[in-house]
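sharing a sequence plus its predicted fold:
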Amino acid sequence: QTEIQWWHAMSGANNETVENLAKEFNATQTEFKVVPVYKGTYPETLNAGIAAFRARQPPHIIQVFDVGTGVMMGARSAIKPVADVLKEAGQNFDKSNYLSGIVSYYSAADGTMLSFPFNSSSPILYYNKASFRKAGLDPEAPPKTWPETFEAAKKIKASGQSCGMTTTWPTWIHLENFSAWNNLPYATGENGLTTLTPELKINSPLNIRHFQTLAELQKDGTFQYGGRTSEAKSKFLSGECAMMPESSGGIGDMVKAGMDFGTGNLPYYPEATGAPQNTIPGGASLWVFAGKPAADYKGVAQFFTFLSTTEVQSRLHQVSGYLPATMAAYEATKKSGFYEKNPGREIPIQQMMGKAPTENSKGVRLVNMPQVRDIQNEEIEALLNGKQDAKTALDNAVRRSNAAILEAAKAYQ
Ligand SMILES: O=P(O)(O)OC[C@H](O)CO
């Protein structure tokens, strides 16, 4: 039996899903055994993959988060495009079966699909219904705009509760999706999609106002910072913080915890022209490393074909909150009545596909995006620690990121 190593970053409820998928696939045939290995957070998993590649011992499949896409595309000789893996193995592969916004994000300029869109997400607002009741807020009416969200957070705090709001992923949610959803540029060159050396635009007056408000609310704990990736989830699950913008793919843990929670759209600013626009694909995709024996790729292809079936895709979407990768799975979920029975579960798809994207909202691509996020996180943390104001933080983030992008782009020119 040939083992197929699959490195991933899924913890909690999503980890169980990954384990179950591998078991299920392994039971369908005897030639291959998919072995999932948890390698830590998304940034940790990507770093582990790069180190393993350098040591000539990469896994067959690695899960890389949205912003690692540019890094992987830049390492073209290290990877084998998923379209080739599937075609060479004689698997029926038609790009048009997949959700268009997702597939274009994971395709090369010539249209070749490079990675498998395993878990795409959109950020939504989670809220604790009991906390809303305690604060005299309507538990069936989540705030729609950022000003309403901050008002609700203040009321929750004023009702004697410990924290109105926290957030996961400050960069992904409050910078990248913030720009797309409010139809503002994140960077020049269609957010880096048409140039290797874009300049960031994340220090507009609305960006500054948003972060200055978060910093003000952080002072008395109305807002509580909770970390750079998904760490803040524990503050919501424990009941400490009543609201939390977080990935749609985080829903499995809330369900598992038996919480009485509601979900709403990602808030926006009503004065932003065209807002709410559309969100951009988050989550991760599966990349295949090059240089493995040809026979192994047959197993990888079989596994991806298994993952693409309508039955598996529908289930994955319904259990995890990630978007279905294929249109067929979306249609099947609609037909089954799932969205009527589970209000709010169509939100991530509607947020991403509800409007045709503008040049501000197709996606963000930088050759060194994980590094740029680190820079932004440092500046945001200094802001929330009271060391600088929002204008300084965002101006610094722009200046430092632009310099880092220019430096990183040299390797590709
Ligand atoms: O929590 P996920 O898997 O939806 O990922 C969120 C962000 O897109 C990661 O960069």
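That came through fine.

which residues of the chain lie near the ligand?
Within the chain, the positions lying close to the ligand (Cβ under 6 Å from any ligand atom) are 42, 65-67, 119, 121, 169, 172, 230, 247, 249, 282-284. Just so you know, the C-beta spots here come from the backbone N, C-alpha and C atoms, and that holds for glycine as well.

hmm, which of those are the buried ones?
For those, a neighbour count by 16 or more other Cβ atoms under 10 Å gives the buried set as 42, 65-67, 119, 121, 169, 172, 230, 247, 249, 282-284.

buried stuff in whichever helix or strand residue 380 is part of?
Per DSSP states H and E, residue 380 falls inside helix 369-384. Judged by neighbour count using 16+ other Cβ under 10 Å, the buried positions of helix 369-384 are 369-377, 379-380, 383-384.

now do the buried residues in the lowest-mean-pLDDT helix or strand in the chain.
Least confident helix or strand of the chain, by mean pLDDT, DSSP states H and E, is helix 100-105 with a mean of 84. For helix 100-105, a neighbour-count test (16+ other Cβ under 10 Å) marks 101, 102, 103, 104, 105 as buried.

what do you get for stretch 87-107?
Across stretch 87-107, burial judged by 16+ other Cβ under 10 Å covers 89, 93, 97, 98, 99, 101, 102, 103, 104, 105, 106, 107.

quick one on the thing from earlier: could the buried residues of helix 100-105 go into TSV alongside distance to residue 293?
Formatted as TSV, those follow (distance: Cβ to Cβ, whole Å):
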residue	distance to residue 293
101	35
102	30
103	28
104	31
105	30
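
list just the nearest of those residues to residue 75.
Residue 75 has its nearest neighbour among the buried residues of helix 100-105 in residue 105, at 17.3 Å by Cβ to Cβ.

where's that closest one relative to residue 14, distance?
20 Å (Cβ to Cβ, to the nearest Å).

ok, now residue 389?
Using Cβ to Cβ, residue 389 is found at 37 Å from residue 14.

the nearest residue to residue 257 once chain neighbours are set aside: neighbour count?
Closest residue in space to residue 257, ignoring its immediate chain neighbours: residue 237 at 5.2 Å, by Cβ to Cβ, 6 or more residues apart in numbering. Using other Cβ atoms under 10 Å, residue 237 has 20 neighbouring residues.

OK, contacts around residue 237?
253, 254, 257, 259 (Cβ atoms under 8 Å, 6 or more residues apart in numbering).

and whichever residue of the stretch 51-200 of the chain sits closest to the ligand, backbone torsions?
Of all residues in the stretch 51-200 of the chain, residue 121 sits closest to the ligand, at 3.2 Å by Cβ to the nearest ligand atom. As for residue 121, its main-chain torsions (degrees, to the nearest 10) stand at phi -130, psi 170.

again with residue 227
The phi/psi pair for residue 227 (degrees, to the nearest 10) reads phi 120, psi 170.

was I right about the residue of the stretch 51-200 of the chain closest to the ligand contacting residue 245?
No: with contacts counted by Cβ atoms under 8 Å, residue 121 stays clear of residue 245, the gap being 12.0 Å.

returning to that earlier point: pLDDT wise, what is the residue of the stretch 51-200 of the chain closest to the ligand at?
Note for residue 121: predicted pLDDT of 97.

beta partners of it?
On the basis of DSSP bridges, residue 121 is bridged to residue 282.

any idea which helix or strand comes after the helix or strand hosting residue 255?
Using DSSP H and E, residue 255 sits within helix 251-256. The helix or strand immediately downstream of helix 251-256 is strand 261-264, counting by DSSP H and E.

contact partners of that next one?
Outside strand 261-264, the residues that reach it (Cβ under 8 Å, 6+ apart) are 124-129, 132, 139-140, 142-144, 251, 254, 344-345, 347.

just stretch 29-47 next, same as before
Outside stretch 29-47, the residues that touch it by Cβ under 8 Å, 6+ apart are 1-11, 15, 18-19, 22, 25-26, 48-49, 59, 62-65, 68, 71, 229-230, 284, 298-299, 302-303, 370.

mind listing what's buried along that stretch?
Along stretch 29-47, these residues count as buried under the neighbour rule (16+ other Cβ under 10 Å): 32, 34, 36, 39, 41, 42, 43, 45, 46.

just checking, residue 37 is part of a strand?
Yes: membership of residue 37 in a strand is supported by DSSP: H, G, I helix; E, B strand; the rest coil.

mind pulling the model confidence for it?
Value listed for residue 37 in the pLDDT field: 98.

which stretches of the stretch 151-300 of the chain form strands?
163-165, 241-247, 261-264, 282-289 (DSSP state E, counting those that start in this stretch).

ok, which of those comes nearest residue 308?
Counting by Cβ to Cβ, residue 308 lies closest to strand 282-289 out of these; the figure is 11.4 Å.

got the angle for that closest one vs strand 241-247?
Computed by axes from the mean of the first three to the mean of the last three Cα atoms, to 10 degrees, the angle separating strand 282-289 from strand 241-247 equals 40 degrees.

CA-only coordinates of strand 282-289 in PDB, if you can.
Provided in PDB are the C-alpha atoms of strand 282-289 (Å, rounded to 0.1, in the frame of the first residue of the first chain):
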ATOM      1  CA  GLY A 282     -10.300  32.800   2.700                       C
ATOM      2  CA  GLY A 283      -9.500  29.400   4.100                       C
ATOM      3  CA  ALA A 284      -7.000  27.200   2.300                       C
ATOM      4  CA  SER A 285      -6.300  24.900  -0.600                       C
ATOM      5  CA  LEU A 286      -4.400  21.700  -1.100                       C
ATOM      6  CA  TRP A 287      -1.100  21.900  -3.100                       C
ATOM      7  CA  VAL A 288       0.800  18.900  -4.400                       C
ATOM      8  CA  PHE A 289       4.600  18.800  -4.300                       C
END
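
so which elements touch that strand?
Strand 282-289 makes packing contacts with helix 42-54, strand 61-65, strand 79-80, helix 82-88, strand 116-121, helix 294-308 when contacts are defined by 3 or more Cβ pairs under 8 Å, 6 or more residues apart in numbering; DSSP states H and E.

okay, angle between that strand and helix 294-308 too, please.
Using the same axes, to 10 degrees: strand 282-289 against helix 294-308 is 160 degrees.

and the angle for strand 282-289 with strand 61-65?
150 degrees.

centre of the chain versus strand 282-289, how much separation?
Here strand 282-289 is found 11 Å from its chain centre; the criterion is Cα atoms, centre = their mean, to the nearest Å.
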